[in-house]
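Student: Build me a structure from this.
(2 chains)
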Amino acid sequence: GAVVSQHPSWVICKSGTSVKIECRSLDFQATTMFWYRQFPKQSLMLMATSNEGSKATYEQGVEKDKFLINHASLTLSTLTVTSAHPEDSSFYICSAKPGQGTDTQYFGPGTRLTVL
Amino acid sequence: AQSVTQLDSHVSVSEGTPVLLRCNYSSSYSPSLFWYVQHPNKGLQLLLKYTSAATLVKGINGFEAEFKKSETSFHLTKPSAHMSDAAEYFCVVTPVQGAQKLVFGQGTRLTINP
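Tutor: You can find the predicted model right below:
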C-alpha cells in the first residue's frame, strides 16, 4: 500500500516551453502533497506544499509563477514548470501524506527534467 | 530550529559485514524520525519510522534504528550488508509529531564491496 506514481519519469524539452509533471496517490487519498527538487548528489529541497482544493504554499525563494502547482483532487497534484530554462533541469520528486493523522510521507519515483 | 546531521557522507563496507549509518538530530519537541533509502534515479522508500512507542525500531530489508534521546541520535544499522543495499540513505525528522514538513539530512552514500 501507499504507492505514489509520477508521470513522466523523464522529459526533455526546449528552452521556453512548459512542462507538466503529474503526481498520483494510487491506493490512498492524499489531502497534502509535496514537491521537492533534488540536484545531483544532494539532498531534497522542499519547493511547495500542496493541499487539495487550496493554493499551494511555496518555500522561500521558489517562484510560484514559474512552478505552478495544482491539487485538484485527493489523488492528483501537478507541477508545471513554465518557460523552462536549462537551470530548471533537475530531478523533481513528489510525496503524499495519507490523511491528517500521520506525518509519514510516501514518495514518488521522481521525474528527470532536462531543458535544452 | 530543527536540524538533522548525517555524520558520514560516504560509507563503504564489504558484503556480509555490518552497516552503521550515523544520524544526529536537534529538536525542541518530541520528533518523529525516519530513515529513507534512495536507489539511483529513483524516489525515496521508507525504511523505518520512530514515533515514541519503542526506542528500537525495526524496518524493512533487515534494517533497524535505535532512538537515543540522551545522545540525540538515531543511527541506522544492519547486521549483514547485501549488494542490493548500495544506495543513498536519508535521515529525516519532523519538528513535532504530526507536522507537515520534513527536515532532511544531507544523505549518506552506502557502497558495498564484493
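Student: Contacts (any at all) between chain B and stretch A:70-79?
Tutor: No. Using C-beta under 8 Å from any C-beta of the partner chain, stretch A:70-79 never reaches chain B; the gap is at least 13.8 Å. Any C-beta I mention is one placed from the backbone N, CA and C, and that applies to glycine too.
Student: And for stretch A:40-56?
Tutor: Yes. Interface with chain B: stretch A:40-56 contributes A:Q42, A:S43, A:L44, A:L46, A:T49 (C-beta under 8 Å from any C-beta).
Student: Take those residues and write them to CSV, including neighbour count.
Tutor: Shown next, in CSV, are these (neighbours: other C-beta atoms under 10 Å in any protein chain shown):
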residue, neighbour count
A:Q42, 14
A:S43, 18
A:L44, 24
A:L46, 19
A:T49, 18
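Student: For B:Q2, state which of the residues you listed is nearest.
Tutor: Proximity of those to B:Q2, judged by C-beta to C-beta, is greatest for A:L46, which lies at 13.3 Å.
Student: Settle this for me: that closest one is touching A:Y36, isn't it.
Tutor: Yes. Taking contacts as C-beta atoms under 8 Å, A:L46 lies within contact range of A:Y36: 5.6 Å.
Student: Give me every residue in chain B lying close to chain A.
Tutor: B:32, B:34, B:36, B:41-46, B:49, B:90, B:94, B:97-102, B:104-107.
Student: Can you lay out the residues of stretch A:40-56 next to chain B as TSV showing distance to A:S90?
Tutor: Formatted as TSV, these follow (distance: C-beta to C-beta, whole Å):
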residue	distance to A:S90
A:Q42	10
A:S43	13
A:L44	11
A:L46	13
A:T49	18
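Student: List, one by one, the residues from chain A near chain B.
Tutor: Within chain A, the residues that sit near chain B (C-beta under 8 Å from any C-beta) are A:4, A:6, A:32, A:34, A:42-44, A:46, A:49, A:91, A:93, A:95, A:97, A:101-110, A:112.
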